[in-house]
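**Student:** Predicted model and sequence follow; I will ask about them next.
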Amino acid sequence: MELSRRKFLTAVSMLAAGAALPGNAFGFGEANKLKVAIIGVGIRGVDFWGKRLVDKYSDILEFVGLCDNNPGRLEHALKFMGVSCPTFSDFEKMVTQTKPDLVIVTTRDCNHHEFIIKGLEMGCDVLSEKPLTTDENKCQAIIDAEKKSNKKLIVGFNYRWSPYNTKLKEMLRDNAIGKLTSVDFHWYLNTYHGASYFRRWHGIKNQGGSLWVHKATHHFDLLNWWIDSDPEEVFAYGDLELYGKNGPFRGENCRVCEHKNKCDFYWDITREQFMMDLYANNEKYDGYVRDNCLFRNEIDIYDKMSAQVKYKNNVIVNYSLTTYSPFEGWRVCFNGTDGRIEAWIDIPYQEKMSVEQAEMHAREMDQSGADVLSAEPVVLHNLWEDFKIIKVKMERGGHGGGDKRLHDKVFLHPDKKDEFDRAAGLRDGAMSVLIGIAARKSIESGKPIQIEKLTSLKPEVKRIV
Ligand SMILES: NC(=O)c1ccc[n+]([C@@H]2O[C@H](COP(=O)([O-])OP(=O)(O)OC[C@H]3O[C@@H](n4cnc5c(N)ncnc54)[C@H](O)[C@@H]3O)[C@@H](O)[C@H]2O)c1
């Protein structure tokens, strides 16, 4: 029993370092399961890292504890996940009593660092949801804690694992367009998904680090991984022009709002039983209102964002993030000395069928496994040649098929060498949030920000894996 657990934990540490482990599968069974604990049983904790692990990997792992400061959500988590482990409001008590091998951190972004650091100090491996953290001081504290501990940190970057994104990595790795020189990357959040961030804690800078960190960490991680170098300098602009104080009116929350008949953003949470059970029915414990007004005066994040990022290998990136697009999608173009790659997902004018925009986010977050398959195009246009269209098969649910592949890597195949180095550890988590943190600082100061000035991590020409 101990041997299997030790082998798994060695694998976790090598996984975090992006390395490969020689050897076979771990041979977990009914008698020797990996002990897992979660801190934060909101939607991401209870569904993706909760129910999905119970449904898919119960033969090799077991939940030994759940922790949250909302007792109602803890009760809901036990039922929804179908487990009967003890629950806690105190993280240290949970770790002391249940001795988990792996702690999964799915609280708000601004307090990930507390549980990552305590988890490492208390002798657990830690898996943190993105973003790693929200400012450079917390980031440094995590770097120091991991160095002191003999345990490891994995960051759950699911977007890398989508087959479409992996195809782009493969083409760049194989020099399909010669030496990469510049990238244009533009992400469009629609008025359902984009707006949803302004209803919640994500709308407050000191909770989610702004969408430069909360959302763009995914995009910056993809860029760092595709470009295969570290970011060196960031210059950014951003403003808040539609949501927050800009709204024509505001109310208490959507349920009781006197403006619901004239507000284009009105969202009726009472029609979604899962959201009622998870959030609205537990408001009384902590005042967390899930259908808050997105025109609240307290909102202080940006709703339009644009940055230039210069990489250590001299690649330059033009990036933008929009939060009130009529459609949800993204577009990336890579320019190289031998041509150009163009890729996009969900640009309606380039699709044969139109998609209901209200469904887009639900489809992305879907963990049911009822995958809708599609073949998405990538255009490769080499200099002096005709363009070619490459079709990439992918799923729509679970972040483009990324979610389930990330799980399989962490829990089923941590020992397998991954030719695309998709497993992410502390350095990847840090480098992606540091771009967003630098962008925020650039807007505040009007100056370009050097990544090396933010923490002890020094940007490298070739990414360290
Ligand atoms: N990788 C992805 O695609 C993806 C998708 C969704 C969310 N996320 C990440 O997952 C995390 C959770 O997101 P969510 O939407 O579930 O948020 P949420 O607000 O719904 O859930 C957070 C939970 O943490 C609990 N919590 C907060 N502070 C706590 C504390 N100090 N002690 C104990 N419990 C505490 C809250 O009560 C709540 O139940 C975030 O960091 C988010 O960025 C990642």
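**Tutor:** Yep, it's here. Residues are numbered from 1 along each chain as shown.
**Student:** Can you name the residue of the stretch 251-400 of the chain nearest the ligand?
**Tutor:** Residue nearest to the ligand within the stretch 251-400 of the chain: His399 (5.5 Å; CB to the nearest ligand atom). The way it works is simple: take the backbone N, C-alpha and C, and place the C-beta from them, glycine included.
**Student:** can I assume that residue is in contact with Ser162?
**Tutor:** Yes: His399 is within contact range of Ser162, at 6.3 Å (criterion: CB atoms under 8 Å).
**Student:** who has more neighbours, those two?
**Tutor:** Neighbours were counted for His399 and for Ser162 using other CB atoms under 10 Å; Ser162 has more, 25 against 22.
**Student:** pLDDT value on the nearest residue to the more buried one once chain neighbours are set aside, please?
**Tutor:** Excluding the flanking residues, the one nearest Ser162 by CB to CB, 6 or more residues apart in numbering is Gly400, at 3.4 Å. At Gly400, the pLDDT value in this model is 80.
**Student:** same question, Asn318
**Tutor:** On the pLDDT scale, Asn318 gets 98.
**Student:** Pull the contacting residues for it.
**Tutor:** Residues near Asn318 by CB atoms under 8 Å, 6 or more residues apart in numbering: Ser182, Val183, Asp184, Phe185, Ser306, Ala307, Gln308.
**Student:** now, which of those lie within strands?
**Tutor:** Judged by DSSP state E, the subset of the contacts of Asn318 located in strands is Ser182, Val183, Asp184, Phe185, Ser306, Ala307, Gln308.
**Student:** my guess is the last one contacts Glu232, does it?
**Tutor:** What that stands for is Gln308. No: using CB under 8 Å, Gln308 is not in contact with Glu232, being 11.4 Å away.
**Student:** Give me every residue in the stretch 301-450 of the chain lying close to the ligand.
**Tutor:** His399 (CB under 6 Å from any ligand atom).
**Student:** these two touch, right, Leu426 and Glu146?
**Tutor:** Yes: if you go by CB under 8 Å, Leu426 and Glu146 touch, sitting 5.3 Å apart.
**Student:** any common contacting residues for those two?
**Tutor:** Common contacts of Leu426 and Glu146 (CB under 8 Å, 6+ apart): Lys152, Leu153.
**Student:** For the two, indicate the residue with more neighbours.
**Tutor:** Under the criterion of other CB under 10 Å, the comparison of Leu426 against Glu146 puts Leu426 first, with 24 against 21.
**Student:** next one: phi and psi at the closest residue to that one other than its chain neighbours?
**Tutor:** Residue nearest to Leu426 in three dimensions, not counting chain neighbours: Leu153, with 4.9 Å by CB to CB, 6+ apart. Here is the backbone geometry of Leu153 (degrees, to the nearest 10): phi -120, psi 130.
**Student:** Please apply the same query to the one 3 residues further on.
**Tutor:** Dihedral pair for Gly156: phi -80, psi 70, per degrees, to the nearest 10.
**Student:** What's the separation between the closest residue to it other than its chain neighbours and Lys118?
**Tutor:** With sequence-adjacent residues excluded and distances taken as CB to CB, 6+ apart, Gly156 is closest to Glu129, at 5.1 Å. For Glu129, the distance to Lys118 (CB to CB, to the nearest Å) stands at 16 Å.
**Student:** residue closest to the middle of the protein?
**Tutor:** Central residue of the chain (CA atoms, centre = their mean): Lys130, 4.1 Å from the mean position.
**Student:** So, low pLDDT: which residues of the protein?
**Tutor:** 1-31, 351-357, 359-372 (pLDDT under 70).
**Student:** In it, which residue sits closest to the ligand?
**Tutor:** Gly42 (1.8 Å).
**Student:** surely that residue meets Glu129?
**Tutor:** No: using CB under 8 Å, Gly42 is not in contact with Glu129, being 10.1 Å away.
**Student:** Which neighbours do the two have in common?
**Tutor:** Shared contacts of Gly42 and Glu129, counting by CB under 8 Å, 6+ apart, come down to Thr106.
**Student:** Any idea how far stretch 200-219 is from the middle of the chain?
**Tutor:** 11 Å (CA atoms, centre = their mean, to the nearest Å).
**Student:** Asn297 in helix, strand or coil?
**Tutor:** Under DSSP: H, G, I helix; E, B strand; the rest coil, Asn297 falls in the coil class.
**Student:** For it, give me its contacts.
**Tutor:** Residues in contact with Asn297 (CB under 8 Å, 6+ apart) are Gly244, Lys245, Arg250.
**Student:** Kindly report the same for Ile142.
**Tutor:** By CB under 8 Å, 6+ apart, the residues touching Ile142 are His113, Ile116, Ile117, Leu132, Thr133, Leu153, Leu426, Ala430.
**Student:** go with 10 Å
**Tutor:** Counting by CB atoms under 10 Å, 6 or more residues apart in numbering, Ile142 touches 112-113, 116-117, 120, 126, 128, 132-133, 153, 426, 429-430, 455.
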